[in-house]
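Engineer: 3D model of this:
(2 chains)
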Amino acid sequence: MMETFFICAGITLLLMMIPVFYRIVVGPTTIDRIVAVNVIGTKTAVLLIIIGMLFDDVAMFVDFALAYALLNFIGSLAAARYFNKTRPAYGAGSPGKGEIT
Amino acid sequence: MVPVPRGRGKLLEMIINILSILLMAAGLFFFLGAVVGIVRFPDFYTRMHAAGKGDTLSTILITGALALQVLHNFDWAHWTDLLVVIKIMAIGILIMLTSPTSTHALMQAGYDDGIEPVTRPKKKGIVSLDDSPAEDAELTLPVTGMPEDREG
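Structural biologist: Coordinates of the predicted model:
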């Protein structure tokens, strides 16, 4: 019964990640896209633990999830530094400043 | 997923399962809120707000549910499962520490780039501070708090 529940929870988590891809594609600023990728990365770490529970091998998958969460954090910090120093927030082909999308 | 209770009561197993289901459902609910906020909010700062808060809380709740479930299947023949519980809770604590940090760093980067927050549209007949005459320009307060307003 709990196995079915974890399968349903994982599928729900996966389905709820799909609307975040809209923000990655459409997001008017670059940092919007980075935030959406950060959210998806955090949820992927959680999803890895759920997959480990389903495969009955949590001891292996939890290490993957830990490494994934750490890499996600470092990646978003590096992207924040990079786009703060070098790039404008509004990339080419995106709507102008202050425009509501 | 060990369906056979090892010498524990059925009641305790049911209580732990229900607690785990409740934590997981609450985590999924908060992640739904975060997703709706990320997709629907009108502004960079409000989207960042939804992403930071909802994502962190839902991750903590879901990892709590999973740690409870692993701890429920624990026995001393497989004592390394205790390390798994500690690692799952370490992921929760790590995300509790790092997600506000990265949200703050990204928000600072966006603010320094001069992303404008959405403000209320001007209505007719209401004189805002932007419409004040030029001679008392030094009396006007920065309304939006953007970087070009901070110098003046």
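Engineer: Give me the most central residue, chain B.
Structural biologist: B:Lys53 (2.0 Å; Cα atoms, centre = their mean).
Engineer: Where does it fall, secondary structure wise?
Structural biologist: helix B:44-72 (DSSP states H and E).
Engineer: That helix: how far from the chain's middle?
Structural biologist: 7 Å (Cα atoms, centre = their mean, to the nearest Å).
Engineer: Buried residues in the helix or strand that it is followed by, which are they?
Structural biologist: As assigned by DSSP H and E, the chain's next helix or strand after helix B:44-72 is helix B:81-112. Buried residues in helix B:81-112, defined by neighbour count with 16 or more other Cβ atoms under 10 Å in any protein chain shown: B:81, B:84-85, B:87-92, B:94-95, B:98-99, B:102-103, B:105-107, B:109-111. From N, CA and C alone the C-beta is placed, and that goes for glycine too.
Engineer: contacting residues for the residue nearest to the centre of chain B?
Structural biologist: Counting by Cβ atoms under 8 Å, 6 or more residues apart in numbering or on different chains, B:Lys53 touches B:Ala34.
Engineer: correct me, but B:Met89 touches B:Ala67?
Structural biologist: Yes: the criterion here is Cβ atoms under 8 Å, and B:Met89 meets it with B:Ala67 at 5.2 Å.
Engineer: where does chain A have its least confident helix or strand?
Structural biologist: Counting by mean pLDDT, DSSP states H and E, chain A has its least confident helix or strand at helix A:58-85, which shows a mean of 88.
Engineer: now the angle between helix B:44-72 and that one, please.
Structural biologist: Relative orientation of helix A:58-85 versus helix B:44-72 (axes from the mean of the first three to the mean of the last three Cα atoms, to 10 degrees): 170 degrees.
Engineer: now the angle between helix B:81-112 and the helix holding B:Lys53, please.
Structural biologist: Going by the same axes, to 10 degrees, helix B:44-72 makes 180 degrees with helix B:81-112.
Engineer: Please identify the helix or strand for the residue most central in space within chain A.
Structural biologist: A centroid search over chain A (Cα atoms, centre = their mean) returns A:Ile40, at 1.6 Å, as the residue closest to the centre. Per DSSP H and E, A:Ile40 falls inside helix A:30-54.
Engineer: That helix vs chain B: in contact?
Structural biologist: Yes: legend: contact between helix A:30-54 and chain B by Cβ under 8 Å from any Cβ of the partner chain is shown at A:31-32, A:34-36, A:38-39, A:42-43, A:45-46, A:49-50, A:53-54.
Engineer: In that helix, which residues are buried?
Structural biologist: If you call a residue buried by 16+ other Cβ under 10 Å, then helix A:30-54 has these buried ones: A:30-53.
Engineer: what's the answer for stretch B:44-52, then?
Structural biologist: Applying a neighbour-count criterion of 16+ other Cβ under 10 Å, one finds B:Phe44, B:Arg47, B:Met48, B:His49, B:Ala50, B:Ala51, B:Gly52 buried in stretch B:44-52.
Engineer: what sits up against that stretch?
Structural biologist: Stretch B:44-52 is contacted from outside by A:23, A:28-29, A:31-32, A:35-36, A:38-39, B:33-34, B:36-38, B:41, B:99-100, B:103, B:106-107, B:110, B:115, B:117-118, using Cβ under 8 Å, 6+ apart.
Engineer: looking at chain B, which helix or strand is least sure?
Structural biologist: The least trusted helix or strand in chain B, going by mean pLDDT, DSSP H and E, turns out to be helix B:147-151, with a mean of 51.
Engineer: Next, the contact list for the residue nearest to A:Tyr68 when sequence neighbours are not counted, please.
Structural biologist: Distances taken as Cβ to Cβ, 6 or more residues apart in numbering or on different chains place A:Ala45 nearest to A:Tyr68, at 4.6 Å, with adjacent residues excluded. Residues counted as contacts of A:Ala45 (Cβ under 8 Å, 6+ apart) are A:Ala65, A:Leu66, A:Tyr68, A:Ala69, A:Asn72, B:Thr59, B:Ile91, B:Ile95.
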